[in-house]
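S.K.: Dropping the sequence and predicted coords here.
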Amino acid sequence: MFAICKNACMCGRNTAHMETSSTTQPGTAGGSDTAERKLVFEDNRCARGLFGEQNAHLKQIARSLELQIHTRGNTVNLCGNPIAVDLAAKLLNNLYGLIETGFPLFPSDIDYAIGVLS
């Protein structure tokens, strides 16, 4: 388990506090591993912008990367293929950083960011 928080960030940005746990579970198709990751975003206003209205941005990410995303408050839980979970965590952290600087987030930005990071 590891953590990255705003105190450890060299650039001074508030980043999400990440708690990671990977579990190996036989998948129903092909016996693939499953990873789980928990992200906690410090700024509730920025988290709301990141999640989108009625979690629309998170739903878009979950569909695109074929993983499960669950939220409670400013906490996001990612579950799925380890590569997809890592990509989603990087994506959410990068988009959160943009929102912190005042950049508005649109659905087309999410599609573009997924394409850039994958």
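M.R.: On my side now, so go ahead.

S.K.: can you give me phi and psi for Asn81?
M.R.: When read as degrees, to the nearest 10, the backbone of Asn81 gives phi -60, psi 130.

S.K.: Could you tell me how many residues sit around it?
M.R.: Residues lying near Asn81 (other Cβ atoms under 10 Å) number 17. Every C-beta, even on glycine, is put in place using the N, C-alpha and C of the backbone.

S.K.: Over to Gly49?
M.R.: 20.

S.K.: name the helices or strands packed onto the helix or strand where it lies?
M.R.: Assigned by DSSP states H and E, Gly49 belongs to helix 44-51. Here helix 44-51 touches helix 56-65, helix 82-100, going by 3 or more Cβ pairs under 8 Å, 6 or more residues apart in numbering; DSSP states H and E.

S.K.: who touches that helix?
M.R.: The contact list for helix 44-51, computed with Cβ atoms under 8 Å, 6 or more residues apart in numbering, reads 14, 41, 57-58, 71, 73-74, 76, 92, 95-96, 99-100, 104-105.

S.K.: Could you verify my assumption that Asn81 touches Gln68?
M.R.: No. If you go by Cβ atoms under 8 Å, Asn81 and Gln68 don't touch, sitting 10.5 Å apart.

S.K.: I'd like the next helix or strand past the helix-or-strand element of the chain with minimal mean pLDDT.
M.R.: Within the chain, no helix or strand scores below strand 17-23, which has a mean of 51 by mean pLDDT, DSSP states H and E. Where DSSP H and E defines the elements, the next helix or strand beyond strand 17-23 is strand 34-40.
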